[in-house]
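1. Make a model of this:
(one chain, ligands or ions: 1)
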Amino acid sequence: MKHIFLSLIVATGCTLFPSAWAAKPERTTTVIEHVTVVPMTANGAVLRNATVVIEKDRIVALQGPVPAGARRIDGRGKWLIPGLTDMHIHMESDGYLRPKKYPTEPPSLFFDTQDIMTPYLANGVTQIFNLDAKAESFAQRNQVEKGEVLGPHMALAALIDSGKPQGRIANTPSDGRQAVRDAKAEGYEFIKLYSGLDVETFAAIVDEANKQGLKTVGHIPEAFEGKLESAFVPNFGMIAHAEEFSKHSADFSDEDARRFAEMAKRNGTWITPTLTTMKWIASETRSLDELRASPTLQYAHPLLQSKWLVANRYNRNSTPELIAYFDRMVEFHTRLVRACKAAGVPIVAGTDTLTSGVVAGFSLHDELALLVGAGLTNEEALASATRLPAVWLGVDGDRGTIEVGKRADLVLLDADPLADVAITRRIAGVFINGRWTDRARLDAMLADLSRRNTENKDQFDFKKMTR
Ligand SMILES: [Zn+2]
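-> Residues are numbered from 1 along each chain as shown. So this is what the prediction gives:
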């Protein structure tokens, strides 16, 4: 009875049903045969010659049998890992880039959600953490979750800062608590603390966020100069950059690295080192040559390319002293990561995508390589972008590892990533919510994006087009 009723509604085109469902009839069962599975569970051994069965958006078996009528993917010689997470990104939106006016005349400044998501998808990134989410971020997230756009799941943090008359401002502890309650009411899931907050307001925000069930991630405000220890209030969840520590070190000593790592460890605070960001900042402070020659630049929106090349503040403010300082900082961060590992501070992979030079998706692989360069094993680097982010974000019951019952967010690789983390770039295809996109399709999407970005590039001028 129920079934007849439903099919009648579908037949009459009732708008209660998202059009994407009707438009994209996916085969609901897919099997990857003879594949090597790297489950990334805490103690999970690699599973050889597995038959992974995916039904709709779930993994339903790791050892067959193959259901009749299933689509079959040959996994021989291939390795399956959980989809990757980038734990520190920013995203194109009106609220973030502040274009002056549109879409009155070409070039349109609309940010197309699929174009934003394609580089993540093509790089096996199935989850991202937006650390300065805006109103539009909810719409972008929902387009993905409804299946209208192929892209990563997005967790949303509201940024709270002090001082400037824009964004969420909190100049007093009671303002800070109210800003947290407002953000929660608006649907934000996390709170990002920013550099201008005073000591008392910072502590009040962390405390209120905990009361409201929201985790916190942040910069360590300048107000903690000389009293870094007091930033480690209970429930301060995660440090957003290694730089938040290094700017509090006078001499970049191993002693400081150890001291910082101990502070985080004692407080249960995790860290996203974002090594790739500081590497790009150092490079651009020296010259824009490396950025201009970057093979991934073509996948960034032309307005961003303009911002990075024409309005690059790191390059504009360059001095020989600053160049030397950033070079030392880049080196110190590798020792800081090593100290965090030694102290047992959980390390998660984040890129700070949208900082000049840091391109969505591609940059996560740069970060993984840098983390291994700083002393993580290949497996630890993989964990920093799979199981551990899911744990911090509170979604580990649903994703982050390959297990029966988990969401089918998966990346099929051409070789063994445990032998060399760079193999995570060699992607044969990606599953998001059980939907498979193969290499040929990923390449076609990237080529199309690059072509359109390049064609329109000269029409974008960040200085003229943004507020
Ligand atoms: Zn950031």
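2. What does the pLDDT read for the residue in the stretch 51-200 of the chain that the ion sits nearest to?
-> Using C-beta to the ion, the closest approach of the stretch 51-200 of the chain to the ion is made by Leu131 at 5.0 Å. Placement of C-beta: from N, CA and C, glycine included. According to the prediction, Leu131 has pLDDT 97.
3. Could you pull up the residues touching it?
-> 88-90, 157, 159, 192, 217, 240 (C-beta atoms under 8 Å, 6 or more residues apart in numbering).
4. mind checking how far it is from Met465?
-> As for Leu131, its distance to Met465 is 24 Å (criterion: C-beta to C-beta, to the nearest Å).
5. Kindly report the same for Ala257.
-> Separation of Ala257 from Met465 (C-beta to C-beta): 42 Å.
6. Neighbour count: the two, which is higher?
-> Shown here are Ala257 and Met465; by other C-beta atoms under 10 Å, Ala257 has more neighbours (25 against 19).
7. Counting neighbours, what do you get for Val46?
-> With other C-beta under 10 Å as criterion, Val46 counts 12.
8. Skipping adjacent residues, who's closest to it in space?
-> Val38 (5.6 Å; C-beta to C-beta, 6 or more residues apart in numbering).
9. Hmm, the one you found is touching Trp79, no?
-> Yes - applying C-beta atoms under 8 Å as the test, Val38 and Trp79 come out as touching, 6.0 Å apart.
10. Quickly list what's touching both of the two.
-> Pro417.
11. for the closest residue to Ile281 other than its chain neighbours, what are its contacts?
-> Excluding its sequence neighbours, the residue lying closest to Ile281 (C-beta to C-beta, 6+ apart) is Tyr314, at 5.2 Å. Residues in contact with Tyr314 (C-beta under 8 Å, 6+ apart) are 281, 284-285, 356.
12. does Ile423 sit in a helix, a strand or a coil?
-> helix (DSSP: H, G, I helix; E, B strand; the rest coil).
13. Now do the same contact list for the closest residue to the ion within the chain.
-> Going by C-beta to the ion, the ion is nearest to Asp352 of the chain, at 4.3 Å. Applying C-beta under 8 Å, 6+ apart, we find Asp352 in contact with 88-90, 241, 274, 276-277, 358.
14. and those residues as a markdown table, adding distance to the ion and pLDDT?
-> Converted to a markdown table, the contacts of Asp352 look like this (distance: C-beta to the ion, whole Å; pLDDT from 0 to 100):
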| residue | distance to the ion | pLDDT |
| --- | --- | --- |
| His88 | 6 | 98 |
| Ile89 | 8 | 98 |
| His90 | 6 | 97 |
| His241 | 7 | 97 |
| Thr274 | 7 | 98 |
| Thr276 | 12 | 98 |
| Thr277 | 8 | 97 |
| Val358 | 9 | 98 |
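15. give me the low-pLDDT residue ranges for the protein?
-> Residue ranges of the chain with pLDDT under 70: 1-27, 101-108, 164-167.
16. Just give me the residue right at the centre of it.
-> The centroid of the chain falls nearest to Asp86 when counting by C-alpha atoms, centre = their mean (2.6 Å).
17. what are the phi and psi values for that one?
-> phi -100, psi 110 (degrees, to the nearest 10).
18. go on, Ile271?
-> According to degrees, to the nearest 10, Ile271 has phi -140, psi 140.
19. Surely it is in contact with Gly344?
-> No - counting by C-beta under 8 Å, Gly344 is not a contact partner of Ile271; they are 11.6 Å apart.
20. For these two, work out which one has more neighbours and name it.
-> Taking other C-beta under 10 Å, Ile271 and Gly344 do not tie; Ile271 has more neighbours (26 against 9).
21. What's the separation between that one and Phe245?
-> From Ile271 to Phe245 the distance is 8 Å (C-beta to C-beta).
22. Equivalent analysis for Glu331, please.
-> In terms of C-beta to C-beta, Glu331 sits 14 Å off from Phe245.
23. Who has more neighbours out of the two?
-> Comparing Glu331 with Phe245 by other C-beta under 10 Å, the one with more neighbours is Phe245, at 25 against 12.
24. Which phi and psi values does the residue lying closest to that one once chain neighbours are set aside adopt?
-> With C-beta to C-beta, 6+ apart as the criterion, Phe245 has its nearest non-adjacent residue at 4.2 Å, and that residue is Phe260. Main-chain torsions, Phe260, degrees, to the nearest 10: phi -60, psi -50.
25. need the contact list for Phe260.
-> 228, 245, 248-249, 336, 339.
26. If we use 10 Å, what do you get?
-> 228-229, 239, 242, 244-246, 248-249, 271, 336, 339-340, 343, 345 (C-beta atoms under 10 Å, 6 or more residues apart in numbering).
27. Out of these, which are close to the ion?
-> Checking the contacts of Phe260 against the ion by C-beta under 5 Å from the ion, not one of them is in range.
28. Please list only the buried members of those.
-> Neighbour counting with 16 or more other C-beta atoms under 10 Å marks 228, 239, 242, 244-246, 248-249, 271, 336, 339-340, 343, 345 as buried within those.
29. Name the residues of this structure found near the ion, please.
-> 131, 352.
30. Mind listing the shared neighbours of Ile271 and Phe245?
-> 239, 260-261, 264, 336, 340.
31. Which ones among those residues lie within helices?
-> 260-261, 264, 336, 340 (DSSP state H).
32. nearest to Ala70, of those residues?
-> Cys340 (43.7 Å; C-beta to C-beta).
33. and that closest one, how far is that from Ala240?
-> Cys340 is 14 Å from Ala240, by C-beta to C-beta.
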